[in-house]
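Engineer: Could you work out the structure for the sequence below:
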Amino acid sequence: MWLFKALAISLVSLTFFISGCGFQPLYQHDTASHNILKELSLIRIAPIEDRIGQQLRNFLQDDITPRGKPTNPSYELIVKMNKTRRDLVLLQDATSTFAKVSLHASYTLTNFNTGATLTSGNVTAKTGFTIAQSEYANIRAETEAASRASREISYDITRQLALFLKKTTSNN
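Structural biologist: Numbers count the residues shown, from 1 in each chain. Down below sits the predicted model:
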């Protein structure tokens, strides 16, 4: 019985502690989060170079504007990317058995009408793959690793933009 009371008191005190610290979910269901989703849906995503850039743009469109391109955008998101590959785990015969793919993206959110920069940032994602005997398998593994990294970059950029828009809409 005393264990039940202690657990109940712990849960109640934890609830007061969390509500008192200012914790607030980013995507909670209220008018403020609806405004953030509405603001995100007004972002036009500029084309990104290379095949992996196209994939990143598709991921960003799925995350930021899932209902389609905005007809009257307020913002434009410009993303520049570069990809690097490093072979790791070198064997005695100077061959590699593992490679690391790094994607680095820098983004800028601008006002669509004036072109003024509102926010910018950098995001990096790293992933790896095992190098096999087959060259086709290696190309495919590297492509998949880059795709996983671009997915992660899309999540990070979307979260950072949502936080920025939440700050700016709460200040207005």
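
Engineer: Please enumerate the helices of this protein.
Structural biologist: Assigned by DSSP state H, the helices in the chain fall at 2-20, 31-40, 50-64, 135-171.

Engineer: Figure out which of these is closest to residue 85.
Structural biologist: helix 135-171 (6.7 Å; C-beta to C-beta). Where C-beta positions appear, they are placed from N, C-alpha and C, glycine not excepted.

Engineer: tell me what that closest one is packed against?
Structural biologist: Using 3 or more C-beta pairs under 8 Å, 6 or more residues apart in numbering; DSSP states H and E, the elements in contact with helix 135-171 are helix 31-40, helix 50-64, strand 75-90, strand 96-111, strand 117-130.

Engineer: now the ones you listed as JSON lines including mean pLDDT, mean neighbour count and distance to residue 167?
Structural biologist: Below are the helices and strands packed on helix 135-171 laid out as JSON lines (pLDDT from 0 to 100; neighbours: other C-beta atoms under 10 Å; distance: least, C-beta to C-beta, whole Å):
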{"stretch": "helix 31-40", "mean pLDDT": "71", "mean neighbour count": "14", "distance to residue 167": "10"}
{"stretch": "helix 50-64", "mean pLDDT": "93", "mean neighbour count": "18", "distance to residue 167": "17"}
{"stretch": "strand 75-90", "mean pLDDT": "89", "mean neighbour count": "15", "distance to residue 167": "15"}
{"stretch": "strand 96-111", "mean pLDDT": "92", "mean neighbour count": "18", "distance to residue 167": "13"}
{"stretch": "strand 117-130", "mean pLDDT": "94", "mean neighbour count": "16", "distance to residue 167": "9"}
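
Engineer: Can you lay out these as TSV showing distance to residue 154?
Structural biologist: Formatted as TSV, the helices and strands packed on helix 135-171 follow (distance: least, C-beta to C-beta, whole Å):
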stretch	distance to residue 154
helix 31-40	13
helix 50-64	4
strand 75-90	10
strand 96-111	9
strand 117-130	9
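
Engineer: List just the one of those that sits closest to residue 158.
Structural biologist: helix 50-64 (4.3 Å).
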